[in-house]
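Peer 1: need coordinates for the following:
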Amino acid sequence: MYHPNFCSECGTKTVRLHWHLWTSRKFCDKCARQLRKERFLYTLVVSIGLLSIGFIAGRAGCTAPPPLIIERAATAPALNSAAASLAEKSGGSQPPKAPAPTTGDVYLCGARTKKGKPCSRRVHSPVRCWQHKGSKAMLPEERLLVKDEQ
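Peer 2: Got it, this is the predicted structure:
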């Protein structure tokens, strides 16, 4: 392998006792220190350029994901007016009407929460919600019944 005997910058004789991968063989110790900034700047610019080209090529190569479509059964009660107007525009018949809500009583769970207050989740009978199964209610059953707001 070629080992230069003189510095490429100033021409002084180079004597290398130890050579490492990060040192240059073309320059003496004094010139190597002065040119280190230029060498690192060139390496930095080239690496940033290659990274940006790779990023741009990667972004250009990927396709956009397909839109998220949520399909519901035709008998689903949660059909809103936007879905009904969409069905009218597409030329199809009107979507089936949602069944009328049952007129059963609605209760509050009423179990003690971590804050010490009664749970305010609504349930269909005087029982506890899924989170407080097995616990007792803090309030009497008369206060757990929710009045109709119609």
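Peer 1: quick one: buried residues of the helix or strand harbouring residue 31?
Peer 2: Applying DSSP states H and E as the criterion places residue 31 in helix 29-61. Neighbour counts over helix 29-61 (16 or more other CB atoms under 10 Å) mark 31, 32 as buried. Where you see a C-beta, it was placed from the backbone N, CA and C, and this is true even at glycine.
Peer 1: and that helix, what does it pack against?
Peer 2: Here helix 29-61 touches no other helix or strand, going by 3 or more CB pairs under 8 Å, 6 or more residues apart in numbering; DSSP states H and E.
Peer 1: what mean pLDDT would you report for it?
Peer 2: Here helix 29-61 scores 87 as its mean pLDDT.
Peer 1: check stretch 122-131 too.
Peer 2: Stretch 122-131 comes out at a mean pLDDT of 88.
Peer 1: all helices for this protein, in order.
Peer 2: 29-61, 81-89, 141-144 (DSSP state H).
Peer 1: take those and write them to JSON lines, including distance to residue 12.
Peer 2: Shown next, in JSON lines, are those (distance: least, CB to CB, whole Å):
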{"stretch": "helix 29-61", "distance to residue 12": "8"}
{"stretch": "helix 81-89", "distance to residue 12": "81"}
{"stretch": "helix 141-144", "distance to residue 12": "95"}
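Peer 1: for residue 121, which of the ones you listed is the nearest?
Peer 2: helix 141-144 (11.0 Å; CB to CB).
Peer 1: and that closest one, which residues are buried?
Peer 2: residue 144.
Peer 1: just the CA trace of that helix, in PDB.
Peer 2: C-alpha atoms of helix 141-144 as PDB (Å, rounded to 0.1, in the frame of the first residue of the first chain):
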ATOM      1  CA  GLU A 141     -83.000   1.800  44.600                       C
ATOM      2  CA  GLU A 142     -85.600   4.600  44.300                       C
ATOM      3  CA  ARG A 143     -82.800   7.200  43.600                       C
ATOM      4  CA  LEU A 144     -81.200   4.900  41.000                       C
END
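Peer 1: quick one: contacts of that helix?
Peer 2: 107, 108, 109, 110, 126, 137 (CB atoms under 8 Å, 6 or more residues apart in numbering).
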